[in-house]
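Visitor: Quick one: sequence plus predicted model below, questions after.
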Amino acid sequence: MATAMTDPATILVAQGAEGGGAALDQVALMTGAAAVVGAVLLWVAYLHRTRRITWLRRLADFSGRLMNRPGWVALPIAMFLATILTAFLGFIWDVSLHVGKGRDAGPLANPAHYFILVGLFFLFMAGMLAVILPLDEKPGRAAVKITRDWYAPVGGILIAGAGLYALIGFPLDDIWHRLFGQDVTLWGPTHLMLIGGAGLSLIGVLLLELEGRYNRPDPERADGRFLWAIQAFAFGGLVIGLSVFGVEFDFGVEQFRLVLQPMLIVFAATIALISARLTLGALSTLVLVAFAFAVRYIVAVLVGTGFEAPRNVFPLYLGAAIVVELLAVVPLIRRRPLWWGALTGLGVATVGIWLESLWVERVFVNPWVGGMWPELLAMAVPVGVAGGVIGAMLGTVLRGEALPRPAVRRGLVVAAVVIAGAATANGVIIRVPENASATVALTDAAPEQGGRMVTADIRLAPADLIGSDPEWVEILAWQGGTGDDSPGHGLVVDKLRRVADDHFVSTRPVPVHGTWKTVLRLQDGRMQSALPIFMPLDRGIDAAEVPAPESFTRPFVEEISVLQRERSFDHPSWLIGLASLVVLACSLALIAAMGWGAARVNDRYLAAGCTPNHKPTVEP
């Protein structure tokens, strides 16, 4: 690794290295393609707005007649629902490829990126379609004025904004990698932009559909099961969208403490399920959970079997759904929905998460051990209560009922963000042990993939390095290459068997050849550390091989230095902090926009005495 710091401006214009950004020819090709597609879309929008084409309006009107919604609602929602699963499939496939193979040769060399890009681009287009479609009407009382006679629905603006936020993550991700190397983790700041924008776009979809309910072309025509199913589809997508922040845990390659996983499950469950129960009625959360399970299962099988990449498991959310349905009998749900949301969030963060732990223990690599439950509850309960209140406020808006006064609701949103941020900050705090090491004795096993496989006998020093109930003591071998002939399609995790306080042995062979990165990992409370067992020679990042002799003693180091081998520290110390703050500011702006949109729709329609099931008595 270079010792002299390089000028950031020089890095940004340099040809991408293997461990850094994309090659400049790929950057130019992607930029050019995006510019061409964008220009075509702008031209179509111009032709529509100037009434030089009619086919787009006819298509929107046809969709509107089917759904009994204005065309500026029906067609964008149909496009959105058709494309969001494409982006999700690409996302899971992309994570799986990084787990099984490692870094990309470039963005155009990863087939999953095409699915993500197409999905996110059409997501953005769906929002923009809702913005450009209204011609001879103001699309509802909450519409935002763009020009003298052009108004756009709030939901369309939010979908487009969320899609743009996610799309911006792609070029920013390349810049990030040029500055800091490839942080092979889902929780890289620009990676969170990609998944956060897609996940939060579902709130925009729900608000756009609400605006359509307020402005139904045929107010006497009752919504049938088809419209209910579309709403349920959107809420099910919200469950999946909010759950993707924990996908590293789903693959068993989490690079953060295990206590974060239940908190993330509570966060997703309370917001999505509580708002859905208030909006859709009895037993709706069970339908959502079944839908989310079906989508996740199909994608997991398709990626793991069809694409021959590591397969993932996923949270069930059934325990949370049961708690929500049981507590829906409490009269608070009608009289004080926000208090009901807080109470239900508490139930989800306690009983619901205990029920979820039974599923986690059965199917996940790392179950939730007894010693982590005090901290687990200390993090999950505040997040659950806060998420329950946010879910109840969203459900209140979607039911067409009044929110609290502005100062109260803004305070609740800010408090929820602070609570979630504080819990997350606590979860990422780790302690790397000093003067800790392991003596490893390797025994050759039957070769696989034509390469060396070994079992390990491991003794830790000092003897009391870990307690009686650690979150994990395991050997992780990953990035060995996907395919049926690769063990685990490029991922092997061996949970070691404890023989004595400081003595652990393998339960299965692990690979130490080829491109495999094989690591001994420990986590016990806040202590999290790792040491390499085998690392291949990597000329692309100028990294030497770490061999796997029959026996050796090595020190434990900060885990991120082993798992994120491509990361570069050849930059000014303040730069990563500044870059992270920029991403954080963009993320908070997106959250604020969602809150603004929900409040605007709620206030504008209720002030006129409108309900979602009746057309306004006075046209806007």
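Guide: Cool, got the structure.

Visitor: where in the stretch 51-200 of the chain is pLDDT low?
Guide: Counting by pLDDT under 70, the stretch 51-200 of the chain has no low-confidence residues at all.

Visitor: ditto for the stretch 301-450 of the chain
Guide: In the stretch 301-450 of the chain (pLDDT under 70), no residue qualifies.

Visitor: where exactly do the helices run in it?
Guide: Per DSSP state H, counting those that start in this stretch, the stretch 301-450 of the chain carries helices over the ranges 318-327, 332-335, 337-347, 353-363, 373-399, 406-428.

Visitor: Rebuild those helices as a markdown table, extending it with mean neighbour count and distance to residue 282.
Guide: The C-beta positions use only the backbone N, C-alpha and C, and glycine is treated the same way. Output for the helices of the stretch 301-450 of the chain, formatted as a markdown table (neighbours: other Cβ atoms under 10 Å; distance: least, Cβ to Cβ, whole Å):
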| stretch | mean neighbour count | distance to residue 282 |
| --- | --- | --- |
| helix 318-327 | 23 | 7 |
| helix 332-335 | 14 | 11 |
| helix 337-347 | 24 | 14 |
| helix 353-363 | 17 | 20 |
| helix 373-399 | 24 | 14 |
| helix 406-428 | 16 | 26 |
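
Visitor: will you turn the ones you listed into CSV that also has distance to residue 148?
Guide: Below are those laid out as CSV (distance: least, Cβ to Cβ, whole Å):
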stretch, distance to residue 148
helix 318-327, 46
helix 332-335, 44
helix 337-347, 39
helix 353-363, 53
helix 373-399, 29
helix 406-428, 29
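
Visitor: Pull the number of nearby residues for residue 255.
Guide: Residue 255 is flanked by 19 other residues according to other Cβ atoms under 10 Å.

Visitor: quick one, phi/psi of it?
Guide: phi -110, psi 10 (degrees, to the nearest 10).

Visitor: Would you check how far apart it and residue 428 are?
Guide: From residue 255 across to residue 428, the span is 10 Å (Cβ to Cβ, to the nearest Å).

Visitor: Same question for residue 310.
Guide: With Cβ to Cβ as the criterion, residue 310 and residue 428 are 24 Å apart.

Visitor: now the strand or helix carrying residue 590 and helix 373-399, what's the angle there?
Guide: Using DSSP states H and E, residue 590 maps to helix 573-607. With axes from the mean of the first three to the mean of the last three Cα atoms, to 10 degrees defining the directions, helix 573-607 sits at 40 degrees from helix 373-399.

Visitor: in the chain, which spans are strands?
Guide: 144-147, 150-152, 437-448, 451-461, 472-478, 491-495, 497-500, 503-505, 510-511, 517-524, 527-534, 551-555 (DSSP state E).

Visitor: Just name the most buried of those.
Guide: Ranked by mean neighbour count under mean count of other Cβ atoms under 10 Å, these are led by strand 510-511, which reaches a mean of 28.

Visitor: which other helices and strands contact it?
Guide: On a contact count with 3 or more Cβ pairs under 8 Å, 6 or more residues apart in numbering; DSSP states H and E, strand 510-511 meets strand 451-461, strand 472-478, strand 491-495.

Visitor: Format those strands as CSV; extra columns: mean pLDDT.
Guide: Below are the helices and strands packed on strand 510-511 laid out as CSV (pLDDT from 0 to 100):
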stretch, mean pLDDT
strand 451-461, 97
strand 472-478, 98
strand 491-495, 97
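
Visitor: Make JSON lines from the ones you listed and add distance to residue 345 to it.
Guide: As requested, the helices and strands packed on strand 510-511 are exported to JSON lines (distance: least, Cβ to Cβ, whole Å):
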{"stretch": "strand 451-461", "distance to residue 345": "40"}
{"stretch": "strand 472-478", "distance to residue 345": "29"}
{"stretch": "strand 491-495", "distance to residue 345": "32"}
